[in-house]
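Colleague: just to be clear, the model below is a prediction. Sequence and coordinates:
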Amino acid sequence: MLANEYIINIETARKFKQEADYKMAVKYYLKALKEKENEKETAQAICYEISDCFFESGDERSALKFVKAAVKNYGATIENLTANAVLKKDFMVSVKAVMVLEYHELHRAYLLKNRQFDQRAYAELMR
């Protein structure tokens, strides 16, 4: 993929989001995410944007799904989630409630998937 395609997709997504056409914004954010899956921080930021679009359109379940994806697929930490400037404060209450229950399992899946820990050594840590 060309870098220009990413820029076009991200700018188009922002334009649709600004116009409150969240369905189209998500479409272009997903294209941008596909192009930047190997860039952890960029992918996290795109997940937050997608999550915000779903939240703004009233679909909190899908919004939470993309916050979880930021953790599980792209290694977002509690600190990353707390520091982001995209997600609304009222939605962050729901995010924090979910993360209390699911963060460690999601983050563990990320670490194992990306082989940042030896699986046996990690299992020992979890005992």
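Modeller: Sure, I can see it.
Colleague: so where's the longest helix in the chain?
Modeller: Determined from DSSP state H, the single longest helix within the chain is helix 89-113.
Colleague: tell me how far that helix lies from the chain's centre.
Modeller: 11 Å (C-alpha atoms, centre = their mean, to the nearest Å).
Colleague: in it, what counts as buried?
Modeller: Residues of helix 89-113 classed as buried: 91, 95, 99, 103, 106-107, 110 (neighbour count, 16 or more other C-beta atoms under 10 Å). C-betas here are computed from N, CA, C, even on glycine.
Colleague: can you give me the pLDDT of E79?
Modeller: E79 carries a pLDDT score of 91 in this model.
Colleague: state the helix or strand in which it lies.
Modeller: Counting by DSSP states H and E, the secondary-structure element that holds E79 is helix 78-83.
Colleague: packing partners for that helix?
Modeller: With contacts defined as 3 or more C-beta pairs under 8 Å, 6 or more residues apart in numbering; DSSP states H and E, the packing partners of helix 78-83 are helix 60-74, helix 89-113.
Colleague: between those helices, which gets the lowest average pLDDT?
Modeller: By mean pLDDT, the lowest-scoring of the helices and strands packed on helix 78-83 turns out to be helix 89-113, with a mean of 87.
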